[in-house]
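Participant: no sequence for this one, just the structure:
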């Protein structure tokens with residue numbers, strides 16, 4: 001029997017994607033206690049599909065906001081879904097990031113937050129660090145995409161130029177309990193690298209985390225000749 005190689009490979013690809021789809025895998029990993037209030041936030045190309053699963057599975061009060069790429073929305077009734085640009089951030093992603101940060105501020109220890117993360121979250125949840133503008137972030141992202149940098153190097157730079165990545169979103173949620181569910185699109189599946197780890201403490205932190213992160217950041221910039229970009233070559237943290 002003759003087999004069309006292209007058709008066969010496409011079927012394999014579709015089967016692999018389906019096996020990792022949020023509708024197939026997410027519900028079983030949600031907290032066993034699904035009563036009470038939960039705030040759902042998220043970013044990434046799969047964020048809307050993930051939000052659908054949480055909304056369908058949660059038995060208590062659900063509210064929240066997720067951002068996904070244009071054309072990747074979903075029909076949620078309790079969790080707001082907003083679409084924004086990827087891979088270069090736009091004003092819609094900036095506005096959502098500000099709203100997400102405001103939504104999780106001033107929570108109590110009794111609150112629970114579910115953060116839904118997937119590929120593309122770095123661009124979709126764009127909140128420039130102090131002293132940077134959205135235009136700066138857009139220029140830097142374009143330079144990174146053309147640089148040949150690895151995703152780990154790109155996201156190391158992005159963390160330094162963000163007010164929400166590199167664990168800063170988790171810090172804003174404190175003292176609430178935060179559950180992060182991530183669908184990885186990066187080699188090695190490092191939680192600190194997936195969408196620049198908004199709820200994950202950066203890796204390689206020693207007694208002087210700012211110095212350690214700054215060294216990684218400057219190294220990535222020099223390797224890919226990015227120091228001429230605004231605020232890249234001499235930025236120490238943030």
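Facilitator: Right, received. Where do you want to start? Quick caveat, the model's predicted, so the values are computed rather than measured.

Participant: going by C-alpha atoms from here, please, whenever you check contacts or count neighbours.
Facilitator: Noted.

Participant: neighbours around residue 152, how many?
Facilitator: Residues lying near residue 152 (other CA atoms under 10 Å) number 18.

Participant: contacts for stretch 38-55?
Facilitator: With contacts defined as CA atoms under 8 Å, 6 or more residues apart in numbering, stretch 38-55 is touched by 22-23, 26-27, 30, 60-69, 72-76, 78-79, 81, 100, 111-122, 124-125, 183, 195.

Participant: mind running it again at 6 Å?
Facilitator: Outside of stretch 38-55, the residues within contact range by CA atoms under 6 Å, 6 or more residues apart in numbering are 22, 62-69, 73-74, 76, 112-121.

Participant: from these, which ones fall inside helices?
Facilitator: Among the contacts of stretch 38-55, the members found in helices (DSSP state H) are 22, 121.

Participant: just the buried residues of the contacts of stretch 38-55.
Facilitator: 22, 62, 64-69, 73-74, 76, 112-121 (16 or more other CA atoms under 10 Å).

Participant: SS state for residue 13?
Facilitator: Three-state call for residue 13 (DSSP: H, G, I helix; E, B strand; the rest coil): helix.

Participant: center of the protein, which residue is that?
Facilitator: residue 121 (3.2 Å; CA atoms, centre = their mean).

Participant: list the contacts of that residue.
Facilitator: 43, 44, 195.

Participant: ok, then the element right after the helix or strand harbouring residue 156?
Facilitator: Here residue 156 sits within helix 151-160, counting by DSSP states H and E. Toward the C-terminus, helix 151-160 is succeeded by helix 168-173 as the next helix or strand (DSSP H and E).

Participant: that following helix: how far from the chain's middle?
Facilitator: How far helix 168-173 lies from its chain's middle: 13 Å, per CA atoms, centre = their mean, to the nearest Å.

Participant: again with stretch 185-202
Facilitator: 8 Å.

Participant: could you check how far the closest residue to residue 61 other than its chain neighbours is from residue 110?
Facilitator: Leaving aside its sequence neighbours, residue 61 sits nearest to residue 37 (CA to CA, 6 or more residues apart in numbering; 4.5 Å). Distance, residue 37 to residue 110, using CA to CA, to the nearest Å: 9 Å.

Participant: neighbour count winner among the two?
Facilitator: residue 37 (16 against 10).

Participant: quick one, phi/psi of the more buried one?
Facilitator: phi -80, psi 140 (degrees, to the nearest 10).

Participant: where does pLDDT dip in this structure?
Facilitator: The model of the chain has pLDDT under 70 over residues 1, 203-238.

Participant: lovely, talk soon.
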